[in-house]
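Novice: have a look at this prediction, sequence included:
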Number of protein chains: 2
Amino acid sequence: MASKPSIPKGTRDFSPTEVAKRQYIIQIIKSNFEKFGFQPIETPSFENSETLMGKYGEEGDRLIFKILNSGDYLAKANATHLENKDSTKLTPSISEKALRYDLTVPFARYVVQHQNEIEFPFKRYQIQPVWRADRPQKGRFREFFQCDADVVGSKSLWQEVELVQLYDTVFSALGLNGVTIKINNRKILSGIAEVIGASDKLIDFTVALDKLDKIGEDGVKKEMMEKGISEKAIEKVQPLFNFTGTISEKISQLSVLLAESSEGMKGVEELRFICDNVMKLGLNTSILDLDVTLARGLNYYTGAIFEVAPPKSVAMGSIGGGGRYDDLTGIFGLKNMSGVGISFGLDRIYLVIEELNLFPETVTATSKALFINYGDTEAFYGLQAIQKLRASGIKVELYPDNAKVAKQFQHADKRGIPFAVIVGEQEMDSNSFSLKNLVTGEQVLLDFGGLKNALS
Amino acid sequence: MASKPSIPKGTRDFSPTEVAKRQYIIQIIKSNFEKFGFQPIETPSFENSETLMGKYGEEGDRLIFKILNSGDYLAKANATHLENKDSTKLTPSISEKALRYDLTVPFARYVVQHQNEIEFPFKRYQIQPVWRADRPQKGRFREFFQCDADVVGSKSLWQEVELVQLYDTVFSALGLNGVTIKINNRKILSGIAEVIGASDKLIDFTVALDKLDKIGEDGVKKEMMEKGISEKAIEKVQPLFNFTGTISEKISQLSVLLAESSEGMKGVEELRFICDNVMKLGLNTSILDLDVTLARGLNYYTGAIFEVAPPKSVAMGSIGGGGRYDDLTGIFGLKNMSGVGISFGLDRIYLVIEELNLFPETVTATSKALFINYGDTEAFYGLQAIQKLRASGIKVELYPDNAKVAKQFQHADKRGIPFAVIVGEQEMDSNSFSLKNLVTGEQVLLDFGGLKNALS
């Protein structure tokens, strides 16, 4: 291979610094998942195709990475589809496995498959990569991590309360103060559809309403009417065009607006329970907001819908989302399993923390000291100390070669190693070590105890 | 889908307990990698096919999982191969990407691609899954983790010394006392081949010699002769049939035996340097042993060869291996980059620790206490305490539903949660909590401070 090697588009190599920063975020998410009682599971990177296909719509099916069968796969290929060169129809006969597209469907499959071993309600978290054959663009990759926490087997709204707290706890721990946790409810949306008398126009309606800040009330109404929503229907939901105030005030307005829709009123009650309790318990640094235009994955969620916006100083899409789905495992034949969960968008959270310069300096874990190598005798003397320092949990290393001293110091510098340990005849004779601070240039002669203290 | 869902053969779901145990091992490996100055990188799960194909021999090519191109892949399929139904030849025209087969080739690719950003010598570690379309069997999976530490860009034998120490440190930290770290050197093997005058018979020779314990000297010699190794050649290496004593004694014997082979003598010198220094520095609990039959990946390694056998009480294959390869990155066009590395076999290490019952009981991180749910008022009171306990890093949870109390206690029991917190009218009135030890049955009434202390 003559040309420089490369990686597939939409994938990434992570350098030591990047891995350390990603691990820092993951570690905070993970420890808080566990503090809230969630337990980790892991599922295989690839599933049987029938587990995944048909679960994400036609577009999703197209974006799933399929794995070619091993061996002489053409021997079992469907002859007709092969002859017709019909790629889509041929695929099932030459590919039985596919890469995980998200963590929710594998989780549902896991719950059904292991239902007899699981103690419900089951609070699980899962932090693993997923793959999508999407067109790569800024912040969108073909391989990326999802960090999900879900509870399955309980309809209690206390879960929703705790999930809002979990978002707040994690983002506060990451130093991301002032994120907005938006909440809505599928039943509110159903109620609005009922009131405007047009369930099929619901998405058009919310998309238009979401533009209120940008194009104003008249602009929104114009767009709605263009989409075929009647003026009379729009009149009925007039309060939504001036939907401000505290969450309690918003909920009161909704309860008037949706009074005729029993589904809508159920949504109001759920929202009230969740928001009241969250507010009474208090959030650390996040803002809870009711957003009636929030409709992500409309066909998917049946109750609460969540989405998290980054602090207002950063222009970036949502950094988390989730909601309740009353029939999580029905697709695999296990009925009446309500689930509710949230997801953290690792890549975007990374970008936001980077932009706000909030990664602690200590995240990138490099060695504390480099022992300069002056030859085998000195190296051996150094390794005796290195061995003891490591046993005390101190990260130190020996420059492997007896290279020019300047080169060795340069190595420490480029690696960001803060100290050098120098061992020559003098040090060996006096059973000591010269420790040089590479930032200040200061050098001191120490016995082993002193060295250990200085590097601890 | 009517039938219960399943996962592809050779893959695994990991339950919370299994994930926790795996994480326990990974965490110990990882922290010691870092203590020894290794830094983490991560590479994509799939690589361009040309990066992987041809790097693992014909058998390897067959075992690599290929990813079908997205969209209308048949449009670009090679017409001739399609017509001939030649699966192997067709593959490159319908699949451009393939799943990672090991971590070494992607590492070599990474080093070449990022050579201008890397500060050499580069000590990297990588803990990620790899995939092989192998026939699954006990302890062999199609998806499994590799844990590799390699240094690239230095020929110093101090690396080998430190890698032996790293093995010893990790296995000692895991409680796996008494593993045998076997060492050999490719140049010793070349020397033996030279002495027996038959390089092409080297593998037959080592395979036969390895059976000495089982079939005795006569049996081994018989097998060697059957393989076409001359009696005269066998006579020349007679000392290998009684190859005992300390490592120093074994090295002395080798230096006599290989005196005429300059390559062999170079191997003797390397072995002597590594073993002398390892012995002088001392190992914690592992045994270093020189094994001249050790030949793993013969075509791959050029210097030291390592393999780790589990403690003698466990019947299991090697739990680690590695060695030096003088031309790691040559396959991608970057010459003169010597590399040396070791790998930990996570799945087998897991099985050995399980068999020896060495997983600490605290590994499985479940909640410390379950707050029993007697209704919304009590739940809210409980959540106020839960919030503060979590802020102090204590794992606690609320049973989400106001279910029968017996069922809630059963849930704590099945989950292995050691305490229940009971909050009724009496507790709320007195601003306190009843804490029940679910092992002893003992119950005490505590204020919040007392509760926090008891659960810390």
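Specialist: Yep, that arrived. Numbering: from 1, shown residues only, chains lettered A, B, ... in the order given.
Novice: from chain B, how far off is the most far-flung residue of chain A relative to its centre?
Specialist: Distance to the chain centre peaks in chain A at residue A:429, reaching 55.4 Å (criterion: CA atoms, centre = their mean). Distance, residue A:429 to chain B, using CB to the nearest CB, to the nearest Å: 19 Å. C-beta coordinates here come from the backbone N, C-alpha and C atoms, glycine included.
Novice: and residue A:127, by the same measure?
Specialist: 10 Å.
Novice: that residue: which element?
Specialist: Element membership of residue A:127, judged by DSSP states H and E, is strand A:122-131.
Novice: which residue comes closest to residue A:67 once chain neighbours are left out?
Specialist: The spatial neighbour of residue A:67 that comes closest, neighbours along the chain excluded (CB to CB, 6 or more residues apart in numbering or on different chains), is residue A:97 at 4.4 Å.
Novice: for the residue in the stretch 151-300 of chain A positioned nearest to chain B, report the pLDDT, please.
Specialist: Scanning the stretch 151-300 of chain A for the residue nearest chain B gives residue A:156, at 3.6 Å (criterion: CB to the nearest CB). pLDDT, residue A:156: 97.
Novice: ok, back up a step: from the chain's centre, how far out does whatever helix or strand comes next after the strand holding residue A:127 sit?
Specialist: Sequence-wise, the next helix or strand downstream of strand A:122-131 (DSSP H and E) is strand A:143-152. Taking CA atoms, centre = their mean, to the nearest Å, one finds strand A:143-152 lying 7 Å from the centre of the chain it belongs to.
Novice: so which elements touch strand A:143-152?
Specialist: helix A:16-35, helix A:104-113, strand A:122-131, helix A:158-173, strand A:339-344, helix A:346-355 (3 or more CB pairs under 8 Å, 6 or more residues apart in numbering or on different chains; DSSP states H and E).
Novice: that strand vs helix A:158-173, what angle?
Specialist: Computed by axes from the mean of the first three to the mean of the last three CA atoms, to 10 degrees, the angle separating strand A:143-152 from helix A:158-173 equals 140 degrees.
Novice: wait, is the residue of the stretch 151-300 of chain A closest to chain B part of a strand?
Specialist: No - under DSSP: H, G, I helix; E, B strand; the rest coil, residue A:156 falls outside any strand and is assigned coil.
Novice: mind listing what residue A:376 touches?
Specialist: residue A:402 (CB atoms under 8 Å, 6 or more residues apart in numbering or on different chains).
Novice: for it, report the pLDDT, please.
Specialist: 96.
Novice: distance of it relative to residue B:158?
Specialist: When distance is defined by CB to CB, to the nearest Å, residue A:376 is 8 Å away from residue B:158.
Novice: shaky segments in chain A?
Specialist: Across chain A, the ranges flagged by pLDDT under 70 are A:1-3, A:297-299, A:365.
Novice: hmm, who's touching stretch A:26-42?
Specialist: Contacts of stretch A:26-42 (CB under 8 Å, 6+ apart): A:107, A:110, A:123-128, A:145, A:147, A:149, A:162, A:165-166, A:169-170, A:173-174, A:344, A:346, B:13-16, B:19-20, B:23, B:365-367, B:390, B:393-397.
Novice: cool, and stretch A:393-404?
Specialist: Stretch A:393-404 has contacts (CB under 8 Å, 6+ apart) with A:365-376, A:379, A:382-383, A:386, A:389-390, A:408, A:411, A:421, A:452, A:455-456, B:34-37, B:121, B:123, B:151, B:154-156, B:158-159, B:162.
Novice: picking up where we left off before, number of residues surrounding the residue of the stretch 151-300 of chain A closest to chain B?
Specialist: The tally of other residues near residue A:156 (other CB atoms under 10 Å in any protein chain shown) stands at 21.
Novice: how close does it sit to residue B:110?
Specialist: 47 Å.
Novice: residue A:170 against residue A:343, yeah?
Specialist: No - contact criterion CB atoms under 8 Å: residue A:170 and residue A:343 do not qualify, at 11.6 Å.
Novice: of those two, give the one with the bigger neighbour count.
Specialist: When residue A:170 and residue A:343 are compared for neighbours, residue A:170 comes out ahead with 28 against 22, by other CB under 10 Å.
Novice: for the more buried one, give me its contacts.
Specialist: A:28-29, A:32, A:344.
Novice: over to residue A:220?
Specialist: Contact analysis of residue A:220 by CB under 8 Å, 6+ apart lists A:208-209, A:211-212, A:241.
Novice: same check, this time on residue A:65
Specialist: Counting by CB under 8 Å, 6+ apart, residue A:65 has contacts A:98-99, A:131-133, B:46, B:67-68, B:70.
Novice: give me every residue in the stretch 151-300 of chain A lying close to chain B.
Specialist: Residues of the stretch 151-300 of chain A found near chain B, taking CB under 8 Å from any CB of the partner chain as the criterion, are A:151, A:154-156, A:158-159, A:161-162, A:165, A:169, A:277, A:280-282.
Novice: switch the cut-off to 10 Å
Specialist: Residues of the stretch 151-300 of chain A lying close to chain B (CB under 10 Å from any CB of the partner chain) are A:151, A:153-162, A:165-166, A:169, A:172, A:273, A:276-277, A:280-282, A:284.
Novice: are any of these buried, and if so which?
Specialist: Among these, the ones that count as buried by 16 or more other CB atoms under 10 Å in any protein chain shown are A:151, A:153-154, A:156-162, A:165-166, A:169, A:172, A:277, A:281.
Novice: for stretch A:38-51, buried residues please.
Specialist: A:38-49, A:51.
Novice: counting neighbours, what do you get for the nearest residue in space to residue A:397 that is not next to it in sequence?
Specialist: Nearest residue to residue A:397 in three dimensions, chain neighbours excluded: residue B:37, at 3.2 Å (CB to CB, 6+ apart). Look at residue B:37: counted by other CB under 10 Å, it has 27 neighbours.
Novice: most neighbours among the contacts of residue A:170, which one is it?
Specialist: Neighbour max across those (other CB under 10 Å) = residue A:344, 29 neighbours.
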